[in-house]
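[1] no letters, just coordinates:
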């Protein structure tokens, strides 16, 4: 069976356009039943977490092979896009990262090098904010704060 090159080109462009439309139809954070490892990467292990009221959880993960921490804020019940954030900061090095926006399922990932350092981290969903300071180090006592605005 012979096909005209313009017919094949047209079919390929149509398929590409359909794929692009499908790919753009849902935001990247629309994955239901997501995990910190799906957000940060499979080599990141959860080392700490903090509830964001009853709305979800902020997860702190660590990759021992590269010394990086990653944070992700994940909703308990994905749905309509809402204001969300996740952030991490290393006071010793003054390095930090964040992700903020309107998301349906999760905010993140946010990565920072944190090997052998205390980290501050947190996030929010809607009007509930959580912050953890002096975390994951033996030298200091961890402090947690949850605020509803």
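    Ah, there it is. Computed from a prediction, not measured in an experiment: that's the story for all the values here.
[2] contacts and neighbour counts: CA atoms only from here.
    Noted.
[3] got a list of what the residue nearest to residue 104 when sequence neighbours are not counted touches?
    Of all residues not flanking residue 104 in the chain, residue 81 sits nearest, at 4.2 Å (Cα to Cα, 6 or more residues apart in numbering). Residue 81 sits next to 102, 103, 104, 105 when contact means Cα atoms under 8 Å, 6 or more residues apart in numbering.
[4] next step: those restricted to strands.
    Using DSSP state E, 102, 103 are the members of the contacts of residue 81 that sit in strands.
[5] identify, from the contacts of residue 81, the entry nearest to residue 49.
    Taking Cα to Cα as the measure, residue 49 lies nearest residue 105 of the contacts of residue 81, at 16.7 Å.
[6] and that closest one, how many neighbours?
    Neighbours of residue 105 under the rule other Cα atoms under 10 Å: 25.
[7] which pLDDT value goes with it?
    Residue 105 carries a pLDDT value of 97.
[8] correct me, but it touches residue 78?
    Yes - Residue 105 is in contact with residue 78 according to Cα atoms under 8 Å; the separation is 4.6 Å.
[9] how about the strands in the protein?
    Going by DSSP E, the chain shows strands at 45-52, 56-63, 68-75, 82-90, 95-103, 106-113, 119-125, 128-135, 143-148.
[10] lowest-confidence stretch among the ones you listed?
    Per-stretch mean pLDDT for the strands of the chain is lowest at strand 143-148 (a mean of 87).
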